[in-house]
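Novice: Structure for the following, please:
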Amino acid sequence: MTTSNLARAALAALITAAFATAARAEIKNYEFQLVQPTVKAGADRVVAVRLVDKTTGKAVPDAVIFASRLDMAPDGMQEMATKVTAMSGTEPGTYRFKATFGMAGRWQLSLGAKVQGETGTVENKLLVTAEK
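Specialist: Reported below is the predicted structural model:
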């Protein structure tokens, strides 16, 4: 291979790598957003969130949510946690959870998820307000 052909091959490889990186989103470009920021205090309340690609604004379906926690950390009571149960979503990119909001106040929903085809973890803490 001549030097000229070697240089062309190296340039082609660099261009290909640049396009492959640009086409792939970064994990920091994803976030969970609450569908409704408030719920009624009580048992078996449903909280819906949407996983969004911030660069396109589109919902992201088929993420694997492997961590969820709901507690009253925003009101200084992180030890007051409640069980969170995943439910089936009503539309692609929407994820629903059932939980008991034992009292009115601010609750923190912490989520961890893997997005298909991406490296890393999407982690968000969302503020849900339980009202009387």
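Novice: Heading C-terminal from the longest strand along the chain, find the next helix or strand.
Specialist: Using DSSP state E, we find that the single longest strand of the chain is strand 42-53. Next helix or strand after strand 42-53 toward the C-terminus (DSSP states H and E): strand 58-59.
Novice: Adjacent strands (with direction) for the helix or strand just after that following strand?
Specialist: Counting by DSSP H and E, the next helix or strand C-terminal to strand 58-59 is strand 64-72. Strand 64-72 sits in its sheet next to strand 77-82 (antiparallel), strand 105-114 (antiparallel), going by DSSP bridges.
Novice: Could you say which one of these comes nearest to residue 122?
Specialist: Nearest to residue 122 among the strands paired with strand 64-72 is strand 105-114; the distance by Cβ to Cβ comes to 4.7 Å. The C-beta positions use only the backbone N, C-alpha and C, and glycine is treated the same way.
Novice: what is the mean pLDDT for that closest one?
Specialist: For strand 105-114, mean pLDDT is 98.
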